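# fold the stuff below for me.
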Amino acid sequence: MTASQRRQEILSRLKTEHAPVSATVLAQSFGVSRQVVVGDIALLRAGGAPIAATPRGYVLETPTEGILHTVAVRHTDAQMERELQICVDNGCTVLDVLVEHPVYGQLVGQLQLSSRYDVEQFLQRVRTGSAHSLSTLTDGIHLHTLRCSSEEAFERVCRQLEEEGFLLRD
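A predicted model of the protein is given here:
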């Protein structure tokens, strides 16, 4: 299989998967190193493929139903689980986290969290990894882009985030 064929196979696999696929899994299935797959993904992106890297692996970004909103929040790392659960429990997907860094400007991390299972998997990686959450760079202040099933779902999220003291208002 040529490198070009492998990249097309990676793209095909991402189109058919319903869950993120890690670079390690892709590398094993094609008999190459993880770094080769990371390079393949970079080339596919450069060619216009809408591939997002999430904490659990790569996904193909596809237009989906829902209403997009951004919320500004602040909390400690210990409160992160509760904040994310509020969002997913009320019918919203946490698409990303964004912080304003004084040197680098906006830093965005793709999350794609839609359920408590997704939240738990993400938190497991945060707890066992050597990296810190992006919000530690900004004293807990950060933004989330949410895709919500309805305006009512977004309003529920905001109400609960405010009740917990997480929501930042103007």
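# paired strands for the lowest-mean-pLDDT helix or strand in the chain, with orientation please.
The weakest-scoring helix or strand in the chain, judged by mean pLDDT, DSSP states H and E, is strand 51-54 (a mean of 84). Applying DSSP bridges, strand 51-54 is found paired with strand 57-60 (antiparallel).
# buried sites along stretch 33-42?
36-37, 40-41 (16 or more other C-beta atoms under 10 Å). All C-beta atoms are positioned from the backbone trio N, CA, C, and that covers glycine.
# from those residues, which single one is nearest residue 49?
residue 41 (8.4 Å; C-beta to C-beta).
# am I right that that closest one is in contact with residue 13?
No. Contact between residue 41 and residue 13 fails when scored by C-beta atoms under 8 Å: they sit 11.6 Å apart.
# may I ask which two of the buried residues of stretch 33-42 are separated the most?
Going by C-beta to C-beta, the pair spanning the buried residues of stretch 33-42 furthest: 36 and 41, at 9.9 Å.
# gap between residue 119 and residue 54?
Using C-beta to C-beta, to the nearest Å, residue 119 is found at 13 Å from residue 54.
# and what of residue 139?
25 Å.
# which one of those two has more residues nearby?
residue 54 (21 against 10; other C-beta atoms under 10 Å).
# and residue 38, what does it touch?
Taking C-beta atoms under 8 Å, 6 or more residues apart in numbering, we find residue 38 in contact with residue 23.
# pretty sure it sits in a helix.
Yes. Counting by DSSP: H, G, I helix; E, B strand; the rest coil, residue 38 falls inside a helix.
# in the chain, where is pLDDT below threshold?
Scanning the chain for pLDDT under 70 picks out 62-64, 170.
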